[in-house]
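Enquirer: here's a sequence, model it:
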Amino acid sequence: MKRKSAFWPASKSVAASRESAALCNTLTLTDSRSLLSSYTRSIGVYRCPADIFLTPIQRRAGWQHRIRSMSLNFTLGSELDTIATDRGVLRTARKMGDITDPAPSSTWVLVDEHPDSINNGYFTVWLNDDYWEDLPASYHNGACGFAFADGHSEIKKWLELSTRKPVSYVDYTKWANEQIKQSELRDHKWLQERTAVKR
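Expert: Okay, here's the model as predicted:
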């Protein structure tokens, strides 16, 4: 099911062919249909300089870097739909005034996504279960960057080895949706608490 966001239209995987992925992601980030495009004239703001990872296919195609390394909180910019409700989300936010619980200072908007996990334009967090569907990056010495709705940013140091998966240039579905061990839930709980209010 394709999901549309008023802030960030859905996009294809960055790992696709150079032409289609570059065009798709560039258009997605600068397209006038995206509400963020008028505030961010350069697509470079959506790529972390620490993301130096390229697949062998991307290197052979002459890529210098990926188009983006960041993804949007999946509860922002869209109507409440089955993607959100199936994952335990009570409500989504389409405008700033809708971000109340958690408060803007505790609601993340953009995240550095793991290079093997980045696919569409949004980052999904299960609020009613304990497994990763998308995985945050950990290339900042085991940490990851977050931008919050109030304008501040944070570098979150991950506590669990299971969150700090090495980049292996493989399809992330081999570990996605794998139940997180009860003894390794601290990172996932931290992210759940800052994503949206649970149903």
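
Enquirer: below-threshold pLDDT in the protein: ranges please.
Expert: 1-36, 173-175 (pLDDT under 70).

Enquirer: measure the residue in it sticking out farthest from the centre to Asp150 for me?
Expert: Centroid-distance maximum for the chain: Arg60 at 26.1 Å, with Cα atoms, centre = their mean. Going from Arg60 to Asp150 by Cβ to Cβ, to the nearest Å gives 42 Å. Heads up, the C-betas are built off the backbone N, CA and C, glycines and all.

Enquirer: and the helix or strand that contains Val109, what does it pack against?
Expert: Secondary structure from DSSP states H and E places Val109 in strand 108-112. When contacts are defined as 3 or more Cβ pairs under 8 Å, 6 or more residues apart in numbering; DSSP states H and E, strand 108-112 packs onto strand 70-73, strand 143-148.

Enquirer: got the contact list for it?
Expert: In this structure, residues lying in contact with strand 108-112 by Cβ atoms under 8 Å, 6 or more residues apart in numbering are 46, 48, 50-51, 69-73, 76, 123, 136-137, 139-140, 144-149, 191, 194-195.

Enquirer: angle of it against strand 143-148?
Expert: 150 degrees (axes from the mean of the first three to the mean of the last three Cα atoms, to 10 degrees).

Enquirer: centre of the chain to the helix or strand just after strand 108-112, how far?
Expert: Sequence-wise, the next helix or strand downstream of strand 108-112 (DSSP H and E) is strand 122-123. The chain centre lies 4 Å from the centre of strand 122-123; the measure is Cα atoms, centre = their mean, to the nearest Å.

Enquirer: same thing with stretch 97-107?
Expert: 18 Å.

Enquirer: Asp116 against Asp134, yeah?
Expert: No: applying Cβ atoms under 8 Å, one finds Asp116 not in contact with Asp134, separated by 10.3 Å.

Enquirer: the two: who's more crowded?
Expert: For Asp116 and Asp134, the more surrounded residue by other Cβ atoms under 10 Å is Asp116, and the numbers stand at 23 against 20.

Enquirer: any idea how far Asp134 is from the nearest residue to the more buried one once chain neighbours are set aside?
Expert: The shortest distance from Asp116 to any non-neighbouring residue, by Cβ to Cβ, 6 or more residues apart in numbering, is to Tyr172 (4.4 Å). Computed with Cβ to Cβ, the distance linking Tyr172 and Asp134 is 8 Å.

Enquirer: what do you get for Ala147?
Expert: Applying Cβ to Cβ, the value for Ala147 to Asp134 is 16 Å.

Enquirer: just Thr85 next, same as before
Expert: For Thr85 relative to Asp134 (Cβ to Cβ), the value is 18 Å.

Enquirer: cool, and Thr55?
Expert: Applying Cβ to Cβ, the value for Thr55 to Asp134 is 18 Å.
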